[in-house]
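>>> Need coordinates for the below:
(chains A and B)
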Amino acid sequence: MLAVVKEGIGVDSVNATGRRGVHQNVVVSFRTFAAITGSGFRRYATYRQATFAGAFTNTVFGFLRCYVLLAVADATAQGLAGGYDRAQLATFVWVGQGLLAVVLLWGWTELADRIRTGDVAGDLLRPVNPVLSYLATDIGRAGHATLTRFIPPVVTGLIFFDMYLPRRWVTAPLFVVSIVLAVLACFACRYLVNASAYWLHDVRGPMIAWTLGSGVLAGLYFPLRFLPDWATLALWVGTPFPSLLQTPLDVVVERDPPVVQAGLVALQAVWVVLLLAACDRVQRRAERKLVIQGG
Amino acid sequence: MTVVIAAHGLRKEFTVRVKAGRLRREKRVVAAVDGVDLRVERGEMLGYIGPNGAGKSTTLKMLTGILTPSAGEARVCGLVPVPQRTRLARRIGVVFGQRSQLWWDLPLRDSFDLLRHIYRVPAAEHAVRLARCRGLLDLDEFMDTPVRQLSLGQRMRGELTAALLHGPEVLFLDEPTIGLDVVSKQAVRSFLAELGASGDVTLVLTTHDLADIERLCQRLVVIDHGRVVHDGSIEALHARYGSRRRVVVDLDEPVGEPPEGAVVESDGRRLVFTVDGPVAPVIARLAALPALRDLTIVEPDIEDVVTRLYLSPDAP
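Now for the predicted structure:
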């Protein structure tokens, strides 16, 4: 590799890199991805008060949700609700309150805002795929949320409630993989909702539909196992929503035998592939008809 | 010379819906850019001007690959902008005066470092270019300030640096001095003048501030209603639209009969002449006036000629 740099700031540099091997390209691409991920972490680390307020709010709502679900379990003859006992329900709620911010179910309109204002031009003028660039940033954001928004509600739950702790060794790696897949799937869903701004310019309608739908269908308001079996199955197979929250929560509370746990995570992986492919396709189509707003 | 930008018959149509009744809407096709031909050679500093809605920014968006042309073809640095947008992005820089390409939440230093990774610039090259920009644009005092806290002038200096750190061959500037105070404008112009003087970077500048053009650009392309109405030097524009230098003569006492020449104003003690061609013979003639107190030569005002051009209904 030859690099000749002169003092100027223009094109007075000759950078003869020769034929880069595939391996080297992969390494460089990974470094770029990691740098964008790091910037995502730092961007969200800037807002400390918002982080504290978010963790506090999720913790408060955790108490409300937990008492409601425990009351449901207490009202049943065997003390089981949807197949969960009291400790499993407590874990479901408190881990769910932490994961809510990690997957970021709500509140992301950055892409839609940039499309509406025309600032998306800046994204397209960089030599990186916009979907990958936003994904890398989101992984950085999720990393920051794992440290600052996931731990406080879970620790609160452990202090105030009798929570279920996993008993199988396989649950730990499955849970980690399931969280990563949930972050990817949720990012892809949010990206698709935001990308509707390429056609609609104003995404308030799709955003409201997403906010209402995802809360109910992802298992946030109540575990989807409360529904009839056919409805649960249809949601799991036919929509990506259970893969966003319900799957990692069912994995961590060991609601099912190990084979079913692994099957649910595999289903998550299928949804991630489909959703990211949809993001890429939508982005490409949008770029063909794109009108950059503003002068 | 190497041609770095070549456009032929570049056209962009937009469909707008116009209310045509209580419930009915009609589709109307509007050509924002209507057959632009352009050739720009390496190292040129090109001013691309026109009234609001003339198609300047639309042309720039097509040349940078973020807008698909409806017809015509373009090549920038030998690449077709839209299909080869990602490759082209490594070879061009773009500065939008009205929108930021920096990361709102990050300090400038972090933004620049991130750009190094995004553009895959070797660390040594990046350091040299950044040091140069820091010196020329006085960035040091706000390198650690988040972009959201920068003043417009500071942000624009950051935007210029961000656009240059990967060593672009062509720099597109879309109204880079809009909203800036005179000091910041001067700083941006001086920087661009120095950049252009090196001859390494081709500059394409759109602006409504004609002082930018006068200071920076040897060549001026004027676009109106999506069509190029002038392509040449500023002097050629003046010649074409008949703008002339003026000679203002102040006298100690009124003269009865003004000297020979085209007098456009006369209030007895002050005479204003317009001059075609060389001004020296006119001055020699006026210097012979016995009551002459002062004589001033006023260069033609580019704003006047451009205003006339914009308002001209039969612009070619």
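
>>> Just give me the neighbour total for the residue lying closest to A:Leu217 once chain neighbours are set aside.
Using C-beta to C-beta, 6 or more residues apart in numbering or on different chains and skipping residues adjacent in sequence, the residue nearest A:Leu217 is A:Phe241, 3.7 Å away. (Each C-beta comes from the backbone N, C-alpha and C, glycine too.) Using other C-beta atoms under 10 Å in any protein chain shown, A:Phe241 has 25 neighbouring residues.

>>> Phi first, then psi, for the residue of chain B at minimum distance from chain A.
At 3.2 Å from chain A, B:Asp200 is the closest residue in chain B, using C-beta to the nearest C-beta. B:Asp200 has phi and psi values of phi -90, psi -30 when expressed as degrees, to the nearest 10.

>>> Quick check: it touching B:Glu44?
No: at 11.7 Å, B:Asp200 does not count as touching B:Glu44 under the criterion of C-beta atoms under 8 Å.

>>> sorry, back to before: for the residue nearest to A:Leu217, what are its contacts?
If you count contacts by C-beta atoms under 8 Å, 6 or more residues apart in numbering or on different chains, A:Phe241 has them with A:213-214, A:217-219, A:235.

>>> hmm, 7 Å instead?
A:214, A:217-218, A:235 (C-beta atoms under 7 Å, 6 or more residues apart in numbering or on different chains).

>>> how about low-confidence regions in chain A?
A:1-20, A:291-295 (pLDDT under 70).

>>> quick check, nearest of the contacts of A:Phe241 to B:Val255?
Using C-beta to C-beta, A:Ser214 is the member of the contacts of A:Phe241 that sits closest to B:Val255, with 86.9 Å.

>>> Could you check how many residues crowd around that closest one?
Neighbour tally, A:Ser214, other C-beta under 10 Å: 23.

>>> where do the strands sit along the stretch 201-316 of chain B?
Ranges of strands within the stretch 201-316 of chain B are B:202-206, B:219-224, B:227-233, B:245-251, B:262-266, B:270-275, B:292-298, based on DSSP state E, counting those that start in this stretch.

>>> Please apply the same query to the stretch 1-150 of chain B.
Counting by DSSP E, counting those that start in this stretch, the strands of the stretch 1-150 of chain B are B:3-19, B:25-41, B:45-49, B:71-76, B:92-96.

>>> so what secondary structure elements neighbour the fourth one?
Okay, so that is strand B:71-76. strand B:3-19, helix B:56-64 (3 or more C-beta pairs under 7 Å, 6 or more residues apart in numbering or on different chains; DSSP states H and E).

>>> Tell me what angle the first one forms with strand B:71-76.
So that's strand B:3-19. Interaxial angle, strand B:3-19 versus strand B:71-76 (axes from the mean of the first three to the mean of the last three C-alpha atoms, to 10 degrees): 140 degrees.

>>> Each with direction, which strands does strand B:3-19 pair with?
strand B:25-41 (antiparallel), strand B:71-76 (antiparallel) (DSSP bridges).

>>> Residues in contact with stretch B:138-154: which ones?
Residues from elsewhere that reach stretch B:138-154 (C-beta under 7 Å, 6+ apart): A:46, B:100, B:102-109, B:111, B:133-134, B:155, B:157-158, B:161, B:179-181, B:184.

>>> Among the residues you listed, the buried ones, what's the ChimeraX command?
Selection of buried members from these for ChimeraX, criterion 16 or more other C-beta atoms under 10 Å in any protein chain shown:
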select /B:100,102,103,105,106,107,108,111,133,134,155,157,158,161,180,184
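
>>> Alongside chain A, which residues does chain B contribute?
B:14, B:57, B:61, B:64, B:66-68, B:85-86, B:89-90, B:94, B:96, B:98-99, B:101, B:103, B:105-106, B:110, B:114, B:117-120, B:122, B:124-125, B:128-129, B:132-133, B:146, B:164, B:167, B:169, B:195, B:198, B:200-201 (C-beta under 7 Å from any C-beta of the partner chain).
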